[in-house]
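>>> predicted model follows, preceded by the sequence.
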Amino acid sequence: MTVQKVTLPITGMTCANCALTIERVLSRKVPGVTAAAVNLATERATIEFQPARVSRGDLVAAIRGAGFDVATEREGDDPVAAQRAARAAENRRQTRLFAVGAAFTLPLFVLSMSRDFGLLGSGAHALWVDFVFWALATPVQLYVGWTTTSAACAR
């Protein structure tokens, strides 16, 4: 059987366990893959496979099924440019998460520290103030923190 080798740019990896997860999924769950090596530093997966048994689309689907993404290039595009565009999109997403987290965390921090140091007076211990704290903390936990708790490497 003939064996082909392909290198795919991977996005969404955060640790060595992420790379191992992708290698494990490709090696064990995709028939026709003879070898898979994922490099976290370069964010690339080098895969040897039998084209008669598995296609490039199957490999991409398996990686996406594991919770990661593949920076796919359109026909004629440079793979490096595709990876650069995927990295820029990830940077924009992370910047948005940071901005939302800061917008809710800073007022929460200032209000809670002011209450703890007695700067807000006796009304600061009313029940409605706790609800304000809850309303400020919830978006940080559910929106910003969701990416940490749902990361593929946490599996």
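Noted; the coordinates are in hand.
>>> the lengthiest helix in the chain: which residues count as buried?
When the chain is scanned for its longest helix (criterion: DSSP state H), the result is helix 79-116. For helix 79-116, the buried set under the neighbour-count rule, 16 or more other CB atoms under 10 Å, comprises A82, Q83, A86, L97, G101, F104, L108, L111, S112, R115. Heads up, the C-betas are built off the backbone N, CA and C, glycines and all.
>>> with stretch 119-138 instead?
L136.
>>> quick one: contacts of that stretch?
Contacts of stretch 119-138 from elsewhere in the structure, counted by CB atoms under 8 Å, 6 or more residues apart in numbering, are F104, T105, P107, L108, L111, S112, S114, R115, G118.
>>> how about 10 Å then?
With contacts defined as CB atoms under 10 Å, 6 or more residues apart in numbering, stretch 119-138 is touched by 103-116, 118, 141, 145.
>>> which stretches of the protein form helices?
Taking DSSP H as the criterion, the chain contains helices spanning 16-29, 56-65, 79-116, 127-139, 146-149.
>>> and those helices: which comes nearest Q50?
The closest approach between Q50 and any of the helices of the chain, judged by CB to CB, belongs to helix 56-65 at 11.2 Å.
>>> got the angle for that closest one vs helix 16-29?
Here helix 56-65 runs at an angle of 130 degrees relative to helix 16-29 (axes from the mean of the first three to the mean of the last three CA atoms, to 10 degrees).
>>> where does pLDDT dip in this protein?
73-79, 148-155 (pLDDT under 70).
>>> how far away is V132 from A103?
V132 is 15 Å from A103, where distance means CB to CB, to the nearest Å.
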